[in-house]
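Novice: Need the 3D shape of this:
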Amino acid sequence: MNINDHQPLPMYRADESRYDSMEYRRCGKSGVMLPMISLGLWHNFGHNADFKNARNILRQAFDFGITHFDLANNYGPPYGSAEETFGRIMEKDFRPYRDELIISTKAGWDMWPGPYGNHGSRKYLIASLDQSLKRMGLDYVDVFYHHRPDPGTPLEETMGALDQIVRQGKALYAGISQYNAEDTAKAYKILKEMGTPLFIHQPRYSMFDRWVEGGLLDVLGEKGIGSIAFSPLEQGILTDKYLKGIPEDSRIAKDGRYLKKDQVTDDVINKVRGLNDIALNRGQSLAQMAIAWLLKDPRITTVLVGVSKPEQLAENVEAVKNLHFSSEELEKIELILKN
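Specialist: Modelled structure (predicted):
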């Protein structure tokens, strides 16, 4: 374990101006407003991370008006450790602010050995959330997601588990992630008949990964389901960090599990270079433009970012200041992406 918290940070008091600059959008047809930028704890919050840095990231996020922290049962490494780290920080810094926060977690991928630690059964989802609440030291989460579709489990069982979890008060809202348009509509209908609205969908979406435009966004808009786009920067490809090669501190160099060197081809870099030129002409970094490009669509409630240091978060939140794209800019972006 490499958690360096031997030198305690000063007592945390949230910035009194934290709500002055962040923009918020209504999540579907619910009564909840989400910040346009949300913070994901997928990376950099496990037992291999620097605890003080993780704590600084969360503090700065809230000071920027980011009220939504997104986790999952198997975030780490090891599995469960991101929730444990968050639970420690929650207790040290955020307990007085619990009612100002939207905290979410998920289950659906592998978590523990055997047939009951994966997929979408009622057994797995309810047991997993109970474990997550203990790791985070919470009585409830605001949103609980089924993390991925499971064709091996009847959709009625999975949605029934989400309905049961909400009725038990272990989660306030139900969500799904990575469901296609057809299954999202089915999940929405099942939950509606049970009396528990489908609050939000979390799809992967970026300039380089646009599968949601094949019908899912239409379903979300028609049904009034909120959305939170993850991997908006394609694991760092949609930034300027790879324009001069692969830095030693990059995710590719340090890990390589989620982004591999062979994905950063000459063709990709040429596209990134063209997009970067457009961003600079807009007065934005490429990362800011990539986030703004998603948020230009009102069906995207919020964009989920992950950062390794507070400075990256400070850059990302600036994206909300310029969400307007001219028709000429959009045409140039499409031309670059299609080429």
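Novice: in the stretch 101-250 of the chain, which spans are helices?
Specialist: Using DSSP state H, counting those that start in this stretch, the helices of the stretch 101-250 of the chain run over 122-136, 155-167, 181-194, 216-223.
Novice: for the last one, which positions count as buried?
Specialist: By neighbour count, and taking 16 or more other Cβ atoms under 10 Å as the criterion, the buried residues in helix 216-223 are 216, 217, 219, 220, 223. Quick note: C-beta positions are derived from backbone N, CA and C, even for glycine.
Novice: Identify the residue nearest residue 64 in space, chain neighbours excluded?
Specialist: Nearest residue to residue 64, sequence neighbours excluded (Cβ to Cβ, 6 or more residues apart in numbering): residue 317, at 4.9 Å.
Novice: hmm, I was thinking of residue 192
Specialist: Counting by Cβ to Cβ, 6+ apart, residue 198 is the residue found nearest to residue 192 once chain neighbours are left out, at 7.4 Å.
Novice: What is the neighbour count of residue 11?
Specialist: Using other Cβ atoms under 10 Å, residue 11 is surrounded by 7 other residues.
Novice: How confident was the prediction at it?
Specialist: On pLDDT, residue 11 comes in at 94.
Novice: ditto for the one 3 residues further on
Specialist: You'll see residue 14 listed with a pLDDT of 98.
Novice: Against residue 33, how distant is it?
Specialist: To residue 33, residue 14 is 18 Å away according to Cβ to Cβ, to the nearest Å.
Novice: now the helices of the stretch 101-250 of the chain in CSV, with distance to residue 336 and mean pLDDT?
Specialist: Converted to CSV, these look like this (distance: least, Cβ to Cβ, whole Å; pLDDT from 0 to 100):
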stretch, distance to residue 336, mean pLDDT
helix 122-136, 41, 98
helix 155-167, 39, 98
helix 181-194, 27, 98
helix 216-223, 21, 98
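Novice: and the ones you listed as a markdown table, adding distance to residue 206?
Specialist: Below are these laid out as a markdown table (distance: least, Cβ to Cβ, whole Å):
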| stretch | distance to residue 206 |
| --- | --- |
| helix 122-136 | 27 |
| helix 155-167 | 27 |
| helix 181-194 | 18 |
| helix 216-223 | 14 |
